[in-house]
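Novice: please work out how this folds:
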Amino acid sequence: AGHGGSEKGAIGCLGDYEKDITLDVALKLQKELRRQGAIVVMTRESDEKVPLKKRVEITNESDSSIFVSIHGNALPDNLNPLEHRGTSVFYYYPQAKGLAVSILNAINKQAGTQNDGVRQGSLAVVRNTNALSVLIELGYLINPEDNALLVNDKFREKCAKAIAQGISDYLKSLV
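Specialist: Residues are numbered from 1 along each chain as shown. This next block holds a predicted model:
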């Protein structure tokens, strides 16, 4: 779950904090993955600040195979939030691109979000972990339509199940 504690992340149209939305989705994802038999290591399970370096250490020390960072997107002040919507997934190493595509496709299909693309990005948590790593931007908190989705519990549940499905689909594609 991205952000946490004093690090609120993006603030939605109605004052919702990214840190709360991401934690809820992450806990739902944890439950779904465990239901499917996965061993899940969380970098945070409560509203606490966990520095990026510590998140990388937790991932590397647990010898995780896959790392997923969950976020809500924002934009610089000079861009129109009404022109930007949807889910995007970032990866750094080419080996993680297939996982990113699989997760994005599952979220777009199951949660009905707009496809905002798969992008390579030099982000600390996807660049420095030994695991196959992706960072998911579920939607733009500053876009009224995306924000309405992100504050909806059923939508967050769909996202969690879709992320789990995307991981599963990716793993099945390897065999």
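Novice: residue 9 reaches residue 2, doesn't it?
Specialist: Yes. At 6.0 Å, residue 9 counts as touching residue 2 under the criterion of Cβ atoms under 8 Å. The way it works is simple: take the backbone N, C-alpha and C, and place the C-beta from them, glycine included.
Novice: which residues do those two both contact?
Specialist: Overlap of the contact sets of residue 9 and residue 2 (by Cβ atoms under 8 Å, 6 or more residues apart in numbering) consists of 18, 19, 22, 71, 72.
Novice: inside helices: which ones of these?
Specialist: 18, 19, 22 (DSSP state H).
Novice: tell me the contacts of the first one?
Specialist: So that's residue 18. With contact set as Cβ under 8 Å, 6+ apart, residue 18 has these partners: 2, 3, 8, 9, 10, 11, 12, 71, 72, 74, 141.
Novice: filter these to the buried ones?
Specialist: 2, 3, 9, 10, 11, 12, 71, 72, 74, 141 (16 or more other Cβ atoms under 10 Å).
Novice: distance check, the fifth one against residue 17.
Specialist: Plainly put, residue 11 is 6 Å away from residue 17 if you go by Cβ to Cβ, to the nearest Å.
Novice: same thing with residue 67?
Specialist: 23 Å.
Novice: the more surrounded of those two?
Specialist: With neighbours defined as other Cβ atoms under 10 Å, residue 67 and residue 17 compare such that residue 67 has more, 25 against 19.
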